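Student: here are the coordinates; sequence isn't available:
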C-alpha cells in the first residue's frame, strides 16, 4: 500500500520559482547567487507557514549546486542536488532552537562549523525558531556569527524577530516574509486539487484561505482535512460544516435585516445561529468584518482590497450598493462597542441581542433626527 504524504510535504517547493507569495525575496536571493554576492548570515522572519524554512533549504541547495542555471536556480541533477533531494547531504545542517537552545547545543554547533564541506562550496547552518535560544546561547554564538569561516553560511529563521538580540540582528541580512494573500492561496490550492483529481468550489477554497490566515502550510493542512471529509468533491456547504464556520449567508441576512429595521427577524436569526453552537462574540466579530467588507465594496477603488473569489465579491458589491455609507459607519461603531462589552458581560446573549437591536434602529433614529 502506498504511504500517504500530506500535501504540505508532497507539494513543498523545491525551487525558488515554485515558492508562493514571496517573489521579492526569492528574486533577491536568486540575484545574490547569480552575482556571487552571498552574505555569511541571513535572518528569515515572518508568520508561521509562509516559506521561511523552505526558502532556507532551497537557498542552501542552490548555492552548493555544481551546475547552477542561468536564472539562479539549482540544476537538480548534480551530485550535490541529488544528495540534498534524497536527504543525505552533509553540507546542510538544521538545528531546531526550540528544543536545542542551551549553551552546550550552540557550542556543539560551533565545533561543527570548523569542519569544511566535503562536497560543494558551503556548509549551511539553518537554525529554526532562533528566538528560543537562551541569552547564554546567543552570546556563545555571537563570535562565530561575527567571524565565520568563508565556507559557512548561517540562515536563522524566526516568527518573533523582536526577541533576538540586537547584536545578532546587526550581523544578518534580514528578509521579512509576508502573509500569503487569499487569492494566491486559492490559486495554489486549485493547482493541488487538479493534481490530486479533486473537484472544488471557489467559495470553498475562499473559506480555507481565509481560515489559514496567510499561512500556506495551514491552508494545505485544512485542505487535506476537508478533502478527506468531502471524499473528492470539496463544496462550500461541506467545508463550513467540517470547519464549523458560520455561513456567510447569515452575515448578509443580518445586515439586510438590520438595514430594514426588522428586530424580530434578527432575533429569530440570532437564535438559529446560537442553536448551531456558534459563539456570540465570534458572531459580532465576524459581522464587524463583514460590514467592513461591505463598506470597502462600495467604492470601485477599494473593492480590490476584498480578498475573496469573484462570485463572493459580486455579492458584497451588491449589498454595498443597497446600504448607505452612514448606516455602515454607525454599524461598525456599534459592533466595536458590542465586542468590548461582550468580554465583561455576564448576560452574553443579552449583550448580542442589544447590539443587534441597536443596529436595527440606526436608520429609524436617523429619520427622526
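Tutor: Okay, I see it. All values derive from a computational prediction rather than experimental measurement. Residues are numbered from 1 along each chain as shown.
Student: Can you give me the neighbour number for residue 143?
Tutor: Counted with other CB atoms under 10 Å, residues neighbouring residue 143 total 10. Using the backbone N, CA and C atoms, a C-beta is placed for each residue, glycine as well.
Student: so it sits in a strand?
Tutor: No - secondary structure of residue 143 (DSSP: H, G, I helix; E, B strand; the rest coil): helix, not part of a strand.
Student: any idea how far it lies from residue 101?
Tutor: Using CB to CB, to the nearest Å, residue 143 is found at 18 Å from residue 101.
Student: Then residue 177?
Tutor: Residue 177 sits 22 Å away from residue 101, going by CB to CB.
Student: Equivalent analysis for residue 187, please.
Tutor: On the measure of CB to CB, residue 187 and residue 101 end up 38 Å apart.
Student: try residue 255
Tutor: 49 Å.
Student: now residue 41
Tutor: Distance from residue 41 to residue 101, by CB to CB: 18 Å.
Student: again with residue 76
Tutor: Taking CB to CB, one finds residue 76 at 34 Å from residue 101.
Student: who has more neighbours, these two?
Tutor: residue 101 (20 against 15).
Student: quick one: pLDDT of the more buried one?
Tutor: Looking at residue 101, its pLDDT is 74.
Student: Confirm for me that it is in contact with residue 132.
Tutor: Yes - look at residue 101 against residue 132 with CB atoms under 8 Å: they come within range, at 4.9 Å.
Student: Output the below-cut-off pLDDT ranges for the stretch 1-150 of the chain.
Tutor: Where the stretch 1-150 of the chain drops to pLDDT under 70, the residues are 1-3.
Student: Now do the strands in it.
Tutor: Along the stretch 1-150 of the chain, the segments classed as strands by DSSP state E, counting those that start in this stretch run 41-45, 92-96, 123-128.
Student: Go through the ones you listed and name the closest to residue 80.
Tutor: Evaluated over the strands of the stretch 1-150 of the chain, closeness to residue 80 peaks at strand 92-96, with 9.8 Å, by CB to CB.
Student: how about that closest one: buried residues?
Tutor: Neighbour counts over strand 92-96 (16 or more other CB atoms under 10 Å) mark 92, 93, 95 as buried.
Student: Dump those into JSON lines; add distance to residue 166 as well.
Tutor: Shown next, in JSON lines, are the buried residues of strand 92-96 (distance: CB to CB, whole Å):
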{"residue": "92", "distance to residue 166": "28"}
{"residue": "93", "distance to residue 166": "26"}
{"residue": "95", "distance to residue 166": "22"}
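Student: Return the member of those residues nearest to residue 266.
Tutor: Distance to residue 266 across the buried residues of strand 92-96 (CB to CB) is lowest for residue 95, with 55.4 Å.
Student: what about that closest one, distance to residue 81?
Tutor: 23 Å.
Student: Over to residue 5?
Tutor: 21 Å.
Student: Same drill for the two, tell me which one is more crowded.
Tutor: Using other CB under 10 Å, the more surrounded residue of residue 5 and residue 81 is residue 81, with 22 against 10.
Student: check contacts around residue 141.
Tutor: 106, 109, 110, 133, 168 (CB atoms under 8 Å, 6 or more residues apart in numbering).
Student: can you put those in TSV and add neighbour count and distance to residue 310?
Tutor: Formatted as TSV, the contacts of residue 141 follow (neighbours: other CB atoms under 10 Å; distance: CB to CB, whole Å):
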residue	neighbour count	distance to residue 310
106	24	51
109	19	50
110	16	54
133	28	46
168	20	45
